[in-house]
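Enquirer: structure, please.
(chains A and B)
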Amino acid sequence: MLPPGALVHVDRVTCAYEREAVVTDVSLTVASGDYVGVVGPSGSGKTTVLRALLGTLRPRSGAVARRPGLRIGYVPQRESVDWSFPVTVTEAVLMARPRPPGRWVPWAGRAERAEVAAVLDRLGIGELGGRHIRDLSGGQQQRVFVARALLRQPELLVMDEPTSGVDVRTRHEMLHLLGDLHDDGLAVVLTTHDLNGLAAHLPRLVCLRRRVVAEGTPLEVLTPAVLEATYGAPMEVLVHGGMPVVVDRAGRPPAHGSGPGPAVAGAVVLEGMGVGGAPGDSDRRTG
Amino acid sequence: MTELWEPFRFEFFRHGVLVATVAGALCGLVGTFVVLRRMSYIGHGLSHAVFGGAAASAVVGVNFFVGAGLWGIASALAIGRVARRRIIGSDAAIGVITTASFALGLVLFGLYGQARRSTDALLFGSILGVDELDVAVVVGVTVATGAVVFARYRSLLFATFDPEVADVSGLRVDRIDALLMVVLAVAILATTKVLGVVLVAATLVIPATTARMLTNRFSRMLWLSTGLGAASGFVGMVASYHLDISSGAAVVLVGAAAFAVVFAATGTRGLGRVGAHRAGAPL
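Expert: Just a heads-up that it's a prediction; the model follows:
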C-alpha cells in the first residue's frame, strides 16, 4: 500500500541472495521532493535495499510499492562499469532512450542528438560527446551516467555510492550537482560511505546495518550511539556551524575506505564544502 | 593475376567462397556481442554442444539443421538459465552441458558406425562440399541475424553494456539475453557444417577482438568485425585453394594474421581497449 504522496514504499522487506538474509525488516518511504542518503558499513545491505527499491531484487518477505508509471533513473557504482566497453559518451547516454515510435533505423535522429546534447550541456560535459568513457575524469564519468539517467526524465534518481573513488573536488561538484537536481524537483536516494563529505549535507539519512538503525536528519542520527550501533566502532561527533562532523575517539577522522568503519573526511573536505576549517575551539563536542 | 581468379571457374568453389564469406560476416557480427559480454567460452562450448545434436539427428534420421538446431538452442537456454542462478559459475555450467553433449555425439557416431566420416566433417567442416541448401541456410541466417541486430540495436547494446540499469529502465533483459543466446546457437549451427566445431569458435572471437582494437565506438566495432569476418572468409578460401591447405584452417589463419597486424600497429593502445580494465578509470 503506497502512502499518500509517496513515490516508493519499501515495507518491512527482508532480502537474501542465498539462504542468509542480507537485510531484515527494512522499511523506507521516498516521497516526491525527498533527498535521502542511506549510510552504513560495507556489507550492511545498502545496495541490496536500493535493488529492492528499484525492483531488480525480489524480497524474500515484505513488499515494495511504486507509484504506477514512476520513472526512475539509476546510476550504478563506478566500480560496476566496464570501462573498456567501446562506447562514446553520446552512445552511453543514448542507449537508454528507446527508439522513437515510427523511427525504424537504429541510429539517432537529429532530434535525439539534440536531446542528448542538451542533457550533456546541462551537466557541463557538452563538449565530451565524442570521447570514449574511459578518457574522462571520475567526475565527468559520473556525469555521463547521471545524464543517461536524466534522459528518461525521471521523477526519482537513485545513485549507488556517487562519490566512491573520486577526489575532493569531484565530490564537491557531485554534491552541488545533486543539490541542483533536487532543487529542480527531482527526488534523490543515494548510498554513501562518506559521512562528512556527503551524508552530513543531506536533509535525511537512514543508518543501515542489515536493518534500519535510525532515520532522521544528520543532526538527529549522526550521534555517537547511533554510529556505534551502525558501524560497531566508537565515534564522536562535533557540531561545526550547525553541521555534524564525525571523528573517531582519538579526535581524528578514521581512515577513508571501504572497511567496516565509515569514510569521514577532515578539514580539507570541510573547507571545500564551505563549512569552514578544521574542527577547533568553537566546535561543540557531543557524546 | 588471372591465376588468382582461376578457382572461380568451378561452381563448388564459388559456393564455398560465398558460404565462407557470409559465414565469416555472420560470425563477426555475432562475435561482437560474444566478445563484449566475455562469452567466448560459450561460443566454444555451444559449437561442441551442436556436435551432440548433429549426432543425435543423424542417428534418428532427422534433418541436421532441425535436430542440431533444437539441441543447440536448448543447450544455449540451459546454459543461460544455470548461469543466471549463480549457484555454479557460468564457466562450469558451460563445461558440464557442452562437453557432455560433445561426448554423447562421439558415442552415438561410434555406435552407429559412421564415426570416421561424420566426425571429421563436423569437427573440421566441409567448406568445399557445401550444397545449395547450405548456401541458402547460411545466407538466410545471416540476413535474419542482421535484421535482429538492426531492429533491437539499442536494447542489445544497453543489455550488453549495463544489464542492471537496463533492467531498471524497463528493458526485459532476460528476454534480450535469451534472444542473443538463440541467435548465437543458430549462427553456430549454420556455420558449424561449413567451418567445423573446432574452428567456428575462433571465427566468433578473432574478428571481433581485432575490431575492438581498432575502434572505441560500438557501432563501428559491429561493422568492422562483420567486415573482417567476411574478408577472412574470402581471403582464406582463395588462399586455401592456391596453397592446397584446409579451407577452414585457412579462414582462421587469415583472421589471426589480421589480428597480428593490428596488434603490431596499435600496440598497447589496442590492447588497452580489449583489456579487462573493468574498474576504476583514470581520475
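Enquirer: quick one: distance of the lengthiest helix in chain A to the chain centre.
Expert: Counting residues, the longest helix in chain A under DSSP state H turns out to be helix A:168-183. Distance of helix A:168-183 from the chain centroid (CA atoms, centre = their mean, to the nearest Å) equals 11 Å.
Enquirer: after it, which helix or strand is next?
Expert: strand A:187-192 (DSSP states H and E).
Enquirer: what's the angle from that following strand to helix A:168-183?
Expert: With axes from the mean of the first three to the mean of the last three CA atoms, to 10 degrees defining the directions, strand A:187-192 sits at 150 degrees from helix A:168-183.
Enquirer: assign whichever residue of chain A sits closest to chain B to helix, strand or coil.
Expert: Nearest residue of chain A to chain B: A:P106, at 3.4 Å (CB to the nearest CB). Heads up, the C-betas are built off the backbone N, CA and C, glycines and all. Put simply, A:P106 is coil when judged by DSSP: H, G, I helix; E, B strand; the rest coil.
Enquirer: one step back: any buried residues in the longest helix of chain A, and which?
Expert: Of the residues in helix A:168-183, A:T170, A:R171, A:H172, A:E173, A:M174, A:L175, A:L177, A:L178, A:L181, A:H182 count as buried by neighbour count, 16 or more other CB atoms under 10 Å in any protein chain shown.
Enquirer: would you agree the first one is in contact with A:G138?
Expert: Which is A:T170. Yes. Because the distance of 5.2 Å satisfies CB atoms under 8 Å, A:T170 is recorded as touching A:G138.
Enquirer: for B:A258, which non-adjacent residue is closest in space?
Expert: Closest residue to B:A258 apart from its sequence neighbours, by CB to CB, 6 or more residues apart in numbering or on different chains: B:T210 at 5.5 Å.
Enquirer: tell me how far that neighbour lies from chain A.
Expert: Distance of B:T210 to chain A, given as CB to the nearest CB, to the nearest Å: 13 Å.
Enquirer: which elements pack onto the helix or strand harbouring that residue?
Expert: Counting by DSSP H and E, the element that carries B:T210 is helix B:197-214. On a contact count with 3 or more CB pairs under 8 Å, 6 or more residues apart in numbering or on different chains; DSSP states H and E, helix B:197-214 meets helix B:11-36, helix B:40-60, helix B:115-124, helix B:173-195, helix B:218-243, helix B:247-274.
Enquirer: for stretch B:226-235, what is the distance to the chain centroid?
Expert: 13 Å.
Enquirer: oh, I was asking about stretch B:98-109
Expert: 20 Å.
Enquirer: what average pLDDT does it get?
Expert: Across stretch B:98-109, the average pLDDT comes to 81.
Enquirer: please verify my assumption that B:V168 contacts A:L54.
Expert: Yes. Counting by CB under 8 Å, B:V168 touches A:L54, with 4.9 Å between them.
Enquirer: any shared contact partners between these two?
Expert: A:I72, A:Y74, A:V158 (CB atoms under 8 Å, 6 or more residues apart in numbering or on different chains).
Enquirer: give me the subset of these touching chain B.
Expert: A:I72, A:Y74, A:V158 (CB under 8 Å from any CB of the partner chain).
Enquirer: for stretch A:138-147, what is the average pLDDT?
Expert: Rounded mean pLDDT across stretch A:138-147 is 91.
Enquirer: pull the distance from it to the chain's centre.
Expert: 13 Å.
Enquirer: pLDDT wise, what is the residue nearest to A:E155 when sequence neighbours are not counted at?
Expert: Excluding the flanking residues, the one nearest A:E155 by CB to CB, 6+ apart is A:R71, at 5.4 Å. If you check A:R71, the pLDDT there is 92.
Enquirer: for the one 5 residues further on, same thing?
Expert: The confidence metric pLDDT takes the value 92 at A:P76.
Enquirer: which residues touch it?
Expert: With CB under 8 Å, 6+ apart, A:P76 has these contacts: A:F145, A:D160, B:D162, B:E164, B:V165.
Enquirer: can I assume B:A49 is in contact with B:S75?
Expert: Yes. Counting by CB under 8 Å, B:A49 touches B:S75, with 3.9 Å between them.
Enquirer: now do the shared contacts for these two.
Expert: In contact with both B:A49 and B:S75: B:I97, B:T98, B:S101, using CB under 8 Å, 6+ apart.
Enquirer: buried residues in the host helix or strand of the first one?
Expert: With elements taken from DSSP H and E, the one containing B:I97 is helix B:90-111. Neighbour-count burial for helix B:90-111 flags B:S90, B:A93, B:I94, B:G95, B:I97, B:T98, B:S101, B:F102, B:L104, B:G105, B:L108, B:F109 (criterion: 16+ other CB under 10 Å).
Enquirer: just how off-centre is it within its chain?
Expert: Counting by CA atoms, centre = their mean, helix B:90-111 comes out at 18 Å from the chain centroid.
Enquirer: so which residue of chain B comes closest to chain A?
Expert: For chain B, CB to the nearest CB, closest residue to chain A: B:Y153, 3.4 Å.
Enquirer: and that residue, what is it in contact with?
Expert: A:P106.
Enquirer: same question, B:S247
Expert: Applying CB under 8 Å, 6+ apart, the residues near B:S247 are B:G16, B:A20, B:G125, B:I127, B:L128, B:G236, B:M237, B:S240, B:Y241.
Enquirer: surely the fifth one meets B:G16?
Expert: Yes. Under the criterion of CB under 8 Å, B:L128 makes contact with B:G16 at 4.9 Å.
Enquirer: have a look at the two and say which one is more surrounded.
Expert: B:G16 (25 against 20; other CB atoms under 10 Å in any protein chain shown).
Enquirer: that one: what's it in contact with?
Expert: Contacts of B:G16 (CB under 8 Å, 6+ apart): B:I127, B:L128, B:V130, B:M237, B:S247.
Enquirer: swap in B:G24?
Expert: B:T203, B:P207, B:G229, B:A230, B:A231, B:S232, B:G233, B:F234, B:G236, B:V251, B:G255.
Enquirer: can you turn the buried part of these into a PyMOL selection?
Expert: Only the buried entries of the contacts of B:G24 go into this PyMOL selection, using 16+ other CB under 10 Å:
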select buried, chain B and resi 203+207+229+230+231+232+233+234+236+251+255
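Enquirer: got CSV for the contacts of B:G24, with pLDDT and distance to B:R172 too?
Expert: Shown next, in CSV, are the contacts of B:G24 (pLDDT from 0 to 100; distance: CB to CB, whole Å):
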residue, pLDDT, distance to B:R172
B:T203, 91, 30
B:P207, 97, 29
B:G229, 97, 29
B:A230, 97, 32
B:A231, 97, 35
B:S232, 95, 34
B:G233, 94, 34
B:F234, 94, 38
B:G236, 93, 38
B:V251, 91, 36
B:G255, 95, 34
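Enquirer: report the residue spans of the stretch 151-283 of chain B with pLDDT below the cut-off.
Expert: Within the stretch 151-283 of chain B, the segments meeting pLDDT under 70 span B:268-283.
Enquirer: and A:L157, bridged to which residues?
Expert: A:L157 has these beta-bridge partners by DSSP bridges: A:G73, A:V188.
Enquirer: got it, and A:V36?
Expert: A:V189, A:R204.
Enquirer: which residues of the stretch 51-200 of chain B lie near chain A?
Expert: B:86, B:150-151, B:153-154, B:157-158, B:160-162, B:164-169.
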